[in-house]
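Engineer: Generate coordinates for the sequence data below:
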Amino acid sequence: MQNNPFATMLGFGFGMALVALVVTVLISALILMWAFKLVEKSNAGYAKALITTLAGFGALFITNMLLMLMLGWLGILGRALIWVADFFVFAWMVQLLLKHRDSLSYGRACLVTLVDWAINFGIGLVFFILLMAVGVAFMPAIV
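Structural biologist: Residues are numbered from 1 along each chain as shown. As a prediction, this is how the structure comes out:
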């Protein structure tokens with residue numbers, strides 16, 4: 001029996017996407033735990049942060065699908081509104097699942113989410129700059 005090279009590459013691509021998704025969830029839970037520690041001055045625990053991250057990603061997926069169906073025709077304005085809704089939905093998930101002692105107010109959960117998103121944005125910006133620098137460095141070899 002002969003292997004199809006296209007099927008092999010497709011399987012490898014799906015495997016790499018799955019590995020990237022798992023690594024993203026694990027690192028996002030660490031960042032959420034760190035953001036909670038910065039705002040609340042107490043540890044949330046990695047298991048709670050991981051469960052909150054998974055539940056938050058699931059809620060954001062559903063929110064994105066529903067709101068994209070309703071607001072997709074607005075273009076960039078629709079995406080901005082969906083991004084704002086994502087922020088509030090993720091803050092709600094943080095409030096529900098990432099309590100420390102008794103409760104976490106919604107305002108504090110919004111602050112935790114804001115710090116979390118700012119850290120993620122900063123890390124993404126650093127990786128973008130590094131990848132652009134690598135791309136510019138290899139540009140003479142490509143052209």
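Engineer: List the buried residues in the helix ranked longest in the chain.
Structural biologist: Across the chain, the helix with the greatest residue count (assigned by DSSP state H) is helix 5-40. Residues of helix 5-40 classed as buried by neighbour count (16 or more other CB atoms under 10 Å): S28, A29, I31, L32, M33, W34, A35, F36, V39, E40. All C-beta atoms are positioned from the backbone trio N, CA, C, and that covers glycine.
Engineer: Contacts only, for the spatially most central residue of the chain.
Structural biologist: Closest to where the C-alpha atoms of the chain average out (CA atoms, centre = their mean) is S28, at 6.3 Å. S28 sits next to T53, F57, N120 when contact means CB atoms under 8 Å, 6 or more residues apart in numbering.
Engineer: what sits against the last one?
Structural biologist: Residues in contact with N120, defined by CB under 8 Å, 6+ apart, are S28, I31.
Engineer: between the helix or strand hosting it and helix 5-40, how many degrees?
Structural biologist: Using DSSP states H and E, N120 maps to helix 106-137. Counting by axes from the mean of the first three to the mean of the last three CA atoms, to 10 degrees, helix 106-137 lies at 130 degrees to helix 5-40.
Engineer: got the buried residues for helix 106-137?
Structural biologist: R108, A109, C110, L111, V112, T113, V115, D116, W117, I119, N120.
Engineer: Going by distance to F6, which of those wins?
Structural biologist: Of all the buried residues of helix 106-137, the one sitting nearest F6 is N120; the distance, using CB to CB, is 34.6 Å.
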